[in-house]
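> kindly generate the corresponding structure for this input.
(2 chains)
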Amino acid sequence: MKFLYAAYAATWLIHLCYLAIVSLGFGKLRDEVNERASRAKAAS
Amino acid sequence: MKSLFYILSLVALVLLSYGLYQALVVAPTELTMGNVQRIFYYHVPSAWTAFLLFFVNFLASVMYLIRRSPRTDALAVTTAEVGVVFCTVVLVTGPLWAKPVWGIWWTWDARLTSTLVLWLIYVSYLILRRYSTGGQTPVLAAALAIFGFVDVPIVYLSIRFFRTQHPQPVIGGGENSGLDPAMWKALLINWAAFLVFGFLVCWIRYRLERMRQTVEETRALESLLEADLRSTR
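Below you'll find the predicted structure:
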């Protein structure tokens, strides 16, 4: 049974890690967009 | 669009929970392998989902070479990345199934080796996209994806063409192959669940890619404007 549970747990660990990486990517891009917007505002 | 996303998330959650219940509780225990055979309900749907995503990647790559649309390029990178995630699940759950059944974690037979090669092809595709600079990167990546897809039918047919440690086909494998109807049900529900889940992950990743493309376009425009301003001073 331990191999069965390990396989199921590993599956969700892989998917959750990937979702975390995608969320970090979103965060970084959002920061960049906000920074550019504030820079453009300051320049105008 | 947002409400559709939430509805699909709910559908995925229900299907995944029901699939887990079917796999662990309802599906009968396999006679020779015992409970460890239940890995099948995650291993096989993950492989089928990965193949489907690589097929979409192939189509998007062909379309990109014809139309050069950023949307098809975003779809290509999305499906390759999510496909690699599902293929990773296959490569991790496979050895966890093999160890108690075969007594070994890994063997270099045609099915396992071609699956590892498939994973390496798409990882190299993602590395090419991530670290290559210059305007031709999406074109090179599309060409790699088209040739890389050739490995998908090889993986699928490897257990029919070669004698492998990996079991011979259970589905569509001839007279002595086949699945118990309860096993079929568990398999199909889990596949449906992974398809909906994979679609949702692709949705999120596609949005991220489109956002990244917009930011890159803005960056390029800004540097052009700066260069223009410098030349006029």
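
> can you pull the contacts of residue 38?
Because you didn't say which chain, this covers chain A. If you count contacts by CB atoms under 8 Å, 6 or more residues apart in numbering or on different chains, A:Ser38 has none. Where you see a C-beta, it was placed from the backbone N, CA and C, and this is true even at glycine.

> please refer instead to chain B.
When contacts are counted by CB under 8 Å, 6+ apart, B:Arg38 is found next to A:4, B:23-24, B:27.

> and if you look at B:Leu24?
Taking CB under 8 Å, 6+ apart as the definition of contact, the neighbours of B:Leu24 are B:Arg38.

> hmm, back to that, show the buried residues in the contacts of B:Arg38.
Among the contacts of B:Arg38, those that count as buried by neighbour count (16 or more other CB atoms under 10 Å in any protein chain shown) are A:4, B:23, B:27.

> count of neighbours near residue 35?
All of this is about chain A. Burial measure for A:Glu35: 10 neighbouring residues, criterion other CB atoms under 10 Å in any protein chain shown.

> can you look at chain B instead?
So B:Asn35, with other CB under 10 Å, has 14 neighbours.

> between the contacts of B:Arg38, which is nearest B:Ser231?
When the contacts of B:Arg38 are compared for distance to B:Ser231 (CB to CB), B:Ala23 wins out at 65.2 Å.

> thinking the closest one is in contact with B:Met183, fair?
No. Proximity of B:Ala23 to B:Met183 does not meet the contact threshold set by CB atoms under 8 Å, at 9.4 Å.

> just the helices in the chain please.
Looking at chain A here, since you left the chain open. Residue ranges of the helices in chain A, as given by DSSP state H, are A:2-43.

> my bad, chain B
B:2-21, B:40-67, B:70-102, B:110-131, B:137-148, B:151-161, B:181-232.

> among those helices, which is nearest chain A?
If you check each of these against chain A by CB to the nearest CB, helix B:70-102 wins as the nearest, at 4.3 Å.

> can you give me the neighbour number for B:Thr137?
By the measure other CB under 10 Å, the count of residues near B:Thr137 is 15.

> what about residue 34, how many residues nearby?
Using chain A here. 10.

> ah, no, chain B please
Using other CB under 10 Å, the number of residues around B:Gly34 comes to 13.

> chain B contacts on chain A?
Proximity of chain A to chain B is confined to A:1, A:3-4, A:6-8, A:10-11, A:14-15, A:18-19, A:22, A:25-26, A:29, A:32-33, A:36 under the rule CB under 8 Å from any CB of the partner chain.
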